[in-house]
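> sequence unknown, structure follows:
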């Protein structure tokens, strides 16, 4: 009986060792990314559209780019961390930093892509200063994007944040709110669809474009030049200098893509190269 138990333990240990070995081989993060095939995660809208154009250029040079589209900001990083995708193209440095800190991701910025200036939109007022006392405004509820939105309202002179608040500032971090604005925090992708319910709303450009809104319609927006929120092509740390990443950078930051961005998005997106 004792011998049978010992044999069973030995067999279990052997099988476990083999499983660990095979799992390690299948997830060798130190191995350079393939120069023939890569999966890139993007958010639906402009980032996906641009990557589709990059994909066409890459195909001419023997590189297959598989594009996986997401409808939120958190899932792509989760997928990258799990190895379901090998790169992403959708996020700002500020959002990436927050995600790395909160979820212990080990990612790296490979190169800049485009900036999508956030705008304030309204169906009820023509100028942001026309907002009345007690007006209802909507801002994104995710990390960094709410702070970004509140800073636009601050720059417009509508409210003021407490000194020293970081990238996670929320409506609870206001130093003053003279118009006593009622601030509602919503999922960023849903704000355009509910714009009519508010006096004004901060909307990310990708979601604005998805709902036929352009910066020309915004009553206020971030700077188009030297925008503080450029987006990045991101990979796991250690892969930022892989050959395939440099190839994609060359294709992305090409005259063809710059021309496409300017023509297709009519100034709503800004090439950051």
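Yes, it's here. Note that the structure is a prediction, hence the values are computed from the model and not measured. Numbers count the residues shown, from 1 in each chain.

> quick one: low-confidence ranges for this protein?
Residues of the chain meeting the criterion pLDDT under 70: 1-29.

> the helices in it, which residues?
Applying DSSP state H to the chain gives helices spanning 2-26, 46-60, 75-82, 93-103, 145-155, 205-210, 243-252, 255-265.

> Got the domain ranges for this structure?
Listed by the TED database, the domain ranges of the chain are 37-117+228-271, 119-221.

> How many residues are close by residue 103?
Around residue 103 there are 11 other residues, counting by other Cβ atoms under 10 Å. The way it works is simple: take the backbone N, C-alpha and C, and place the C-beta from them, glycine included.

> again but with residue 189, I slipped
Per other Cβ under 10 Å, the neighbour tally for residue 189 reads 21.

> so it touches residue 71, yeah?
Yes. Residue 189 lies in contact with residue 71 (Cβ atoms under 8 Å); the separation is 6.1 Å.

> Verify the stated contact: residue 264 with residue 49.
Yes. Using Cβ under 8 Å, residue 264 is in contact with residue 49, at 6.9 Å.

> Which one of those two is surrounded by more residues?
Set side by side, residue 264 and residue 49 show more neighbours around residue 49, with 17 against 14, by other Cβ under 10 Å.

> Please name the bridge partners of the residue nearest to residue 227 when sequence neighbours are not counted.
Nearest non-adjacent residue to residue 227, counting by Cβ to Cβ, 6 or more residues apart in numbering: residue 115, 3.9 Å away. Assessed by DSSP bridges, residue 115 has beta-bridge partners residue 230, residue 270.

> what's residue 115 in contact with, if anything?
For residue 115, the contact set (Cβ atoms under 8 Å, 6 or more residues apart in numbering) comprises 227, 229, 230, 231, 269, 270, 272.

> now do residue 47
89, 90, 113, 206, 231.

> so which of those would you say is closest to residue 61?
The nearest member of these to residue 61, counting by Cβ to Cβ, is residue 89 at 18.0 Å.

> Am I right that the closest one is in contact with residue 113?
Yes. Counting by Cβ under 8 Å, residue 89 does reach residue 113; the two are 5.7 Å apart.

> Would you confirm that residue 40 contacts residue 84?
No. Residue 40 is beyond contact range of residue 84, at 11.4 Å (criterion: Cβ under 8 Å).

> can you map out the strands along the stretch 51-200 of the chain?
64-70, 87-92, 107-115, 119-121, 136-140, 160-161, 174-176, 182-186, 200-203 (DSSP state E, counting those that start in this stretch).

> coming back round to it: so which of the helices of the chain has the densest surroundings on average?
Per-stretch averages of neighbours, counted by mean count of other Cβ atoms under 10 Å, single out helix 205-210 among the helices of the chain, with a mean of 24.

> and that one, what other elements does it pack with?
Counting contacts by 3 or more Cβ pairs under 8 Å, 6 or more residues apart in numbering; DSSP states H and E, helix 205-210 packs against helix 46-60, strand 119-121.

> would you turn the helices of the chain into TSV with distance to residue 135?
Shown next, in TSV, are the helices of the chain (distance: least, Cβ to Cβ, whole Å):
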stretch	distance to residue 135
helix 2-26	54
helix 46-60	29
helix 75-82	33
helix 93-103	27
helix 145-155	11
helix 205-210	20
helix 243-252	40
helix 255-265	30
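
> closest to residue 180 out of those?
helix 145-155 (13.2 Å).

> Show the contacting residues for residue 118.
Counting by Cβ under 8 Å, 6+ apart, residue 118 touches 145, 148, 149, 152, 202, 203, 204, 205, 221, 222, 229.

> give me that answer again for 7 Å
Contact analysis of residue 118 by Cβ atoms under 7 Å, 6 or more residues apart in numbering lists 148, 149, 152, 202, 203, 204, 205, 221, 222.

> any idea how far it is from residue 250?
Between residue 118 and residue 250 the distance is 29 Å, computed by Cβ to Cβ, to the nearest Å.

> Just list whatever residues bridge to the spatially most central residue of the chain.
Centre of the chain computed as the mean C-alpha position; nearest residue by Cα atoms, centre = their mean is residue 91, 2.6 Å away. On the basis of DSSP bridges, residue 91 is bridged to residue 232.
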